[in-house]
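# Turn this into a model:
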Amino acid sequence: MSMTTINGRGGLPMVQIQTSWSTAEIYLQGACVTHFQVHGEAPLLFLSEHSRFEPGAAIRGGIPIIFPWFGRPPGRATQHGFARLRAWELVGLHRTGDGSATAHLSLPTTAELLSIPLDYYVTIGKTLTVELVVRNYSSAPFAFENCLHTYLAVGDIERIRVTGLQGTEYLDATAKFLRKQEAAESIRFDREVDRIYLNSRNAVEVHDPVLQRTVQVTTENSATTVIWNPWMTKARDMVDFGDEEYRRMVCVESGNVAENGIQLAVGEEARLKATYRQTKSDAPG
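Numbering: from 1, shown residues only. Below you'll find the predicted structure:
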């Protein structure tokens with residue numbers, strides 16, 4: 001196991017980690033995991049070639065941390081909160097018994113979160129596991145939303161299928177957040193998809209015949225799954241996203257948003273955990 005801290009893109013501090021199983025990169029900007037790759041396999045995560053790498057800017061790709069709100073509620077100046085915009089601190093790196101490594105990061109105290117510390121644990125091994133921990137040391141309950149905005153790399157968006165959400169109710173952001181129910185066994189993509197699946201606790205799988213793999217996303221303490229692909233029109237409108245990059249990514253986001261938001265009691269903690277596991281697959285798309 002090895003760890004190196006270097007200046008990455010835009011001169012931003014980045015941690016490179018290598019284990020006997022895999023490699024990973026974590027930018028301290030937003031504590032964003034931008035790369036994970038099992039040796040001999042294709043990268044798990046998508047990262048836009050047009051992403052901004054500068055202080056105070058969200059990284060377009062990897063696993064941005066959404067906290068303490070999702071979207072842009074009335075009165076909020078930023079999209080998806082501020083955790084993904086701030087510089088985090090690397091607390092340490094710990095080796096586990098199976099040869100994996102866990103990086104511990106924390107968000108420095110801010111005026112907005114004076115008594116609400118955030119810790120983030122990234123475990124790199126045969127699989128990738130990330131865990132966000134929020135603690136309430138204040139004198140009142142703390143209401144928030146959290147989400148791991150994971151960009152998964154795919155071979156061709158029109159050939160993948162996403163399973164595990166059949167029968168689940170969702171809010172359709174492309175239809176003014178109309179509430180619907182997922183009837184299909186597999187979600188396929190031929191247009192923009194932006195859906196907030198509520199009360200969804202099952203594993204979600206991305207079946208990719210081009211990369212010949214299945215990526216399984218399992219979670220703990222996550223009640224919401226967001227599925228997103230911007231498709232061509234929105235992709236061309238985003239300055240930090242390539243016009244054709246929508247073809248190589250899909251977001252499978254895990255968290256607690258909308259009506260699944262969290263009310264954290266004084267002295268309590270909330271943990272959000274997601275594990276990404278890939279297996280070989282040659283099933284037809």
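# so where do the strands sit in the stretch 151-285 of the chain?
Secondary structure of the stretch 151-285 of the chain by DSSP state E, counting those that start in this stretch: the strands cover 151-153, 161-163, 169-172, 178-181, 186-187, 193-198, 204-208, 213-220, 224-229, 249-256, 262-264, 269-280.
# Low-confidence ranges, this protein, go.
Across the chain, the ranges flagged by pLDDT under 70 are 111, 282-285.
# Stretch 77-89: end-to-end distance?
One end of stretch 77-89 sits 24 Å from the other (CA to CA, to the nearest Å).
# How far does that stretch sit from its chain's centre?
On the basis of CA atoms, centre = their mean, to the nearest Å, stretch 77-89 sits 14 Å off its chain's mean C-alpha point.
# swap in stretch 90-99?
Distance, centroid of stretch 90-99 to centroid of chain: 21 Å (CA atoms, centre = their mean).
# Same check on stretch 217-225?
11 Å.
# and the end-to-end length of it?
End-to-end distance for stretch 217-225, by CA to CA: 10 Å.
# now swap in stretch 61-69 and tell me
19 Å.
# which ones are touching V239?
By CB atoms under 8 Å, 6 or more residues apart in numbering, the contact list for V239 reads H50. The way it works is simple: take the backbone N, C-alpha and C, and place the C-beta from them, glycine included.
# CSV for the strands of the stretch 151-285 of the chain, including distance to H50 and mean neighbour count?
Converted to CSV, the strands of the stretch 151-285 of the chain look like this (distance: least, CB to CB, whole Å; neighbours: other CB atoms under 10 Å):
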stretch, distance to H50, mean neighbour count
strand 151-153, 13, 22
strand 161-163, 25, 20
strand 169-172, 27, 18
strand 178-181, 31, 11
strand 186-187, 26, 18
strand 193-198, 20, 21
strand 204-208, 23, 22
strand 213-220, 24, 19
strand 224-229, 16, 24
strand 249-256, 13, 24
strand 262-264, 33, 16
strand 269-280, 24, 17
